[in-house]
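Asker: from the sequence below, what's the structure:
(2 chains)
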Amino acid sequence: MPRLLILFAHPALERSRVHRRLLAHRPVRQDLTFHDLYEEYPDFDIDVSREQALLTAHDIVAVQHPFFWYSTPPLLKQWQDLVLEHGWAYGRTGDALRGKRVFHIISAGGREQAYQHEGYNRFTVRELLAPLEQTAVLCGMRWAPPYVIHGTHRLTDREIEIEGQRYRRLIEQVAAGEIDLDAAASLATLNAAVTNAPGEVA
Amino acid sequence: MSEPSLLFQAFVYLGAAVVAVPLAQRFGLGSVLGYLLAGIAIGPYGLSLLGAGGEDVMHFAEFGVVMMLFVIGLELQPSLLWRLRGPILGLGGLQVTLTSLVIAAGAMALGLPWQSSAAIGMTLSLSSTAIVLQTLSEKGLLGTAGGQSAFAVLLFQDIAVIPMLAFFPLLAPAGDASHGDAGHATTLVSDLPAWGQTLALLAAVGLVVGGGRFLLGPLFRQIARTRLREIFTAAALLLVIGIALLMTAVGLSPALGTFLAGVVLANSEYRHELESDIDPFKGLLLGLFFIAVGASIDFGLIVSQPLTVAAAVAAIVGVKFAILFSLGRAFGLTLPQGLLLAFALPQVGEFAFVLFSFADQLGVLGRDVSGPLVAAVALSMAITPLLLLVNERLGARVARTERPQRQADDIHGEGAVLIAGFGSFGATVGRLLRASGVSTTVLDIDSDRVDLLRRMGLDVHYGDATRHDLLHTAGAARARLLIIALDSPEKTMVLVHTAQKHFPGLTIMARAFDWQDAHDLLDAGVTHVYRDTIDTSLRLGADALRMMGTRAYRAHRAAQRFFKHDEESMRELTKRRTDDAVYVSLARQRIRALEQMFEADRSEPSLDRDEGWDAESLREEFRDIGAVRDEPPAR
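Answerer: Below you'll find the model as predicted:
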């Protein structure tokens, strides 16, 4: 069984409608570790060896965060800079992450149509994640497309609740190996790979 | 000379104090020596401005000692007292016994009868609580091992006075019944049988302890409710005087009684208020006492029998010094701390004046013996501040000879940073700088600590950091920063002024204890002011928020925000503070500052201003636009 690490970064979860709901639906499993970066390191003083040990102990890393200015919140950038050390994560002797899988779980204000070449944001979410994708590849990790919750500013409470349930299935199916991340590698998002529950409105 | 009027006397005393004390301070002699010099100046051998009332003034001013012990008691945790029980009984007991025996033996060798010799021995074994505690606390030495030992010995001596007063009548020549009317021994209970006296004594102590614990709280609450400041002051004075009377009535030392009451009240909520009310009276009366001592020095006698008096002073001080130093070492004090103890306590205390006049009345001592002795006692008190200055220079020399080689790996040049005071505050700063490779020079007054730091290879100078010559030797002229981490706000201000005057190029970073100090430092032109507990309390506050369910990062930001807001309001209040604040009591000022802080907090809109993370306005925009236009930006 693969072990799944959710690397969560949100500087103001108390203000977030979407992520609070998602986390409420987070399944509790033996093979799942939830790691809340802003809760662990409010002063940005990241414990590098602890983070590396966490990565070593897991096979799949799901990086969950809001899409702030087409990127991650700052603590996640700090985390990359400090934790993905040369000689550990990359470089001649850096093979600690080799073969592990990584994907992002992202909430974005804009709708899916906006994240198109002809749309308001001119790039797809996956394209905008290019620096992160390349970072993963350089570390020998296998990159899977992001799972994106679009149009969060328009979502009604009811719709957010449905997103929460879908998030739960995403986590469970990834952890159970029911979603083939390798096969999904060419997709624009992971959204389509999640199977609907019977009777659910897509 | 006709008796001058009360107002004229007050004018002379106050005038002498106001002139002499600042002068003495300026020359680094300390306030006690200033008062003594003032007394000499206005006394019969100086300007002769006082009438015959000098001795009465001294008896009256002795009450300052009673008040001082009350204030000391207020500041003393009962647990500390308990921890000192070994030194009090062991060190104090041995000091009084040995000194009495040696001096009495000496007096007998000079041909005095054994009764007189015993009285002299006991009297001269005592030291001056008033002078020593005042001087040590002014120098910030009370917290050192030597200072604590001195305090313990003084406490035992204050207790020992009582049995001495009881013992003296037994030394009186047979058939002399005059002791009944000898002021200090007259008590209400002296006619009772021994068990009755003991019972009355225990009852009085019980009353002070029990009353202090259970009655005074509610009583002061009622009085505080009147909101009349002078009534509270009156109540505080009433308490001290009442206890003094009660103690005298059962034959205990009033100083001891008020000290006990102070300890009982040390944990009460009115501690600060009581302290700030009694403090000015204590200070004035003590000053008056020292002036009276200075005025009472009989220069006529000294001039007529200079050798006798000088020999007496030398013998007394020498014997007491030797015994104190040996005992201190035997009780585990280091060389410099033993020296501090011995240099602090070799004088004879103020009780000697009482005991000698008592002995005179009893016929135990003749005027021909007590006269030179009283002069010697006064002189021994007068040289105490000087002896402590000698100790300071000597301590610096002892320390200097042991200086180790300097570390070669300092990367920022020698002594780029001076740290004054290496208590827990200064030590933390110093360790951080040292761990980061910034070379530091430390100035500290605790010789034990200096020893330890030396062994750790630090560049440490022993001594009072407010002395500009010491600052100079420590390299203040070359240093870039002066970090003031002293334990006393008064010392901090003195050091600030010294540094600003002599080393204008030095950037000062100062520790402040509370708002008041921070205001004073900002007023003095120090811009880098660090309040003692602000960071700690905010850290605790942030953790409390977390425990109540707030997200860690939000709590962290709230504390950061609050810190900035608090610093701003502090600086704002400093600008608004007017000079009349000086005349309000410290406790009152603290309350006022707290009130102003709360007001400032209310006007602060929110600690939670991170609008960048708030999607509310974006969501509104989406609602307004509807589906008509395309999307606004992602966030």
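
Asker: from here on, contacts and neighbour counts on C-alpha atoms
Answerer: Will do.

Asker: residues from chain A in reach of chain B?
Answerer: Counting by Cα under 8 Å from any Cα of the partner chain, the residues of chain A lying close to chain B are A:11-15, A:38-43, A:68-70, A:108-111, A:114, A:120-121, A:153-154.

Asker: now do residue B:24: how many residues are near it, please.
Answerer: Residues contacting residue B:24 under the criterion other Cα atoms under 10 Å in any protein chain shown number 18.

Asker: please name the nearest non-neighbouring residue to it.
Answerer: Taking Cα to Cα, 6 or more residues apart in numbering or on different chains, and ignoring the residues beside it in sequence, residue B:24 has residue B:34 as its nearest neighbour in space, at 4.9 Å.

Asker: that neighbour sits in which helix or strand?
Answerer: Taking DSSP states H and E as the criterion, the element that holds residue B:34 is helix B:31-42.

Asker: that helix: how far from the chain's middle?
Answerer: 20 Å (Cα atoms, centre = their mean, to the nearest Å).

Asker: what's that helix packed up against?
Answerer: In terms of contacts (3 or more Cα pairs under 8 Å, 6 or more residues apart in numbering or on different chains; DSSP states H and E), helix B:31-42 is packed against helix B:6-26, helix B:129-138, helix B:271-296.

Asker: thinking again about what came up before, what's the burial count for the residue nearest to residue B:24?
Answerer: 29.

Asker: tell me the SS of the closest residue to chain B within chain A?
Answerer: Of chain A, the residue with the smallest distance to chain B, taken as Cα to the nearest Cα, is residue A:42 at 4.3 Å. At residue A:42 the chain is in coil, as set by DSSP: H, G, I helix; E, B strand; the rest coil.

Asker: break chain B down into its domains, please.
Answerer: B:1-50, B:62-171+B:190-395, B:409-531, B:533-635 (automatic domain parsing).

Asker: what are the ranges of the helices in the stretch 101-250 of chain B?
Answerer: Assigned by DSSP state H, counting those that start in this stretch, the stretch 101-250 of chain B shows helices spanning B:114-125, B:129-138, B:145-171, B:194-210, B:216-225, B:229-249.

Asker: output the below-cut-off pLDDT ranges for chain A.
Answerer: A:197-202 (pLDDT under 70).

Asker: please identify the deepest-packed of the helices of the stretch 101-250 of chain B.
Answerer: helix B:114-125 (a mean of 24; mean count of other Cα atoms under 10 Å in any protein chain shown).

Asker: any idea how far apart the tips of stretch B:438-447 sit?
Answerer: Length of stretch B:438-447, first residue to last, Cα to Cα, to the nearest Å: 24 Å.

Asker: what do you get for stretch A:96-108?
Answerer: Terminal residues of stretch A:96-108 lie 31 Å apart, using Cα to Cα.

Asker: again, but for stretch B:474-492
Answerer: Stretch B:474-492 has its terminal residues 17 Å apart, counting by Cα to Cα.

Asker: dump the helices and strands packed on helix B:31-42 into TSV; add mean pLDDT as well.
Answerer: Written out in TSV, the entries for the helices and strands packed on helix B:31-42 read as follows (pLDDT from 0 to 100):
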stretch	mean pLDDT
helix B:6-26	83
helix B:129-138	81
helix B:271-296	80
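
Asker: gap between residue B:601 and residue B:543?
Answerer: Summarising the geometry, the distance separating residue B:601 from residue B:543, computed by Cα to Cα, is 20 Å.

Asker: please apply the same query to residue A:148.
Answerer: From residue A:148 over to residue B:543 the distance is 34 Å, taken as Cα to Cα.

Asker: neighbour count for the two, which is higher?
Answerer: Each of residue A:148 and residue B:543 had its neighbours counted (other Cα under 10 Å), and the higher figure belongs to residue A:148 (21 against 18).

Asker: quick one: buried residues of the helix or strand containing residue A:162?
Answerer: Mapping residue A:162 onto the secondary structure by DSSP H and E places it in helix A:157-175. Buried residues in helix A:157-175, defined by neighbour count with 16 or more other Cα atoms under 10 Å in any protein chain shown: A:160-175.

Asker: how far does it sit from the chain's center?
Answerer: Here helix A:157-175 shows a centroid-to-chain-centroid distance of 14 Å under the convention Cα atoms, centre = their mean.

Asker: equivalent analysis for stretch A:93-108, please.
Answerer: For stretch A:93-108, the distance between its averaged C-alpha position and the chain's averaged C-alpha position is 9 Å (Cα atoms, centre = their mean).

Asker: what comes into contact with it?
Answerer: Stretch A:93-108 is contacted from outside by A:18-19, A:55-56, A:58-68, A:86-89, A:136, A:139-152, A:181, B:634-635, using Cα atoms under 8 Å, 6 or more residues apart in numbering or on different chains.

Asker: before we move on, what about stretch B:152-164?
Answerer: Stretch B:152-164 is contacted from outside by B:84-85, B:87-89, B:91-93, B:95-96, B:122, B:126-129, B:251-253, B:255-256, B:351, using Cα under 8 Å, 6+ apart.

Asker: just the buried residues of those residues.
Answerer: Buried residues within the contacts of stretch B:152-164, defined by neighbour count using 16+ other Cα under 10 Å: B:84, B:87-88, B:91-93, B:95-96, B:122, B:126-129, B:251-253, B:255-256, B:351.

Asker: for chain A, give me its nearest residue in the stretch 101-250 of chain B.
Answerer: Scanning the stretch 101-250 of chain B for the residue nearest chain A gives residue B:143, at 36.7 Å (criterion: Cα to the nearest Cα).

Asker: could you measure that residue against residue B:298, distance?
Answerer: 36 Å.

Asker: could you check which of the two has the larger neighbour count?
Answerer: Between residue B:143 and residue B:298, residue B:298 has the larger neighbour count (other Cα under 10 Å), namely 20 against 14.

Asker: residue B:261: which element?
Answerer: For residue B:261, the enclosing helix or strand under DSSP H and E is helix B:254-265.

Asker: between that helix and helix B:271-296, what angle do the directions make?
Answerer: Between helix B:254-265 and helix B:271-296, the angle formed by their directions is 160 degrees, by axes from the mean of the first three to the mean of the last three Cα atoms, to 10 degrees.

Asker: what comes up buried for the helix or strand hosting residue A:39?
Answerer: Residue A:39 is located in helix A:37-40, with elements delineated by DSSP H and E. Neighbour counts using 16+ other Cα under 10 Å place A:37-39 of helix A:37-40 among the buried residues.
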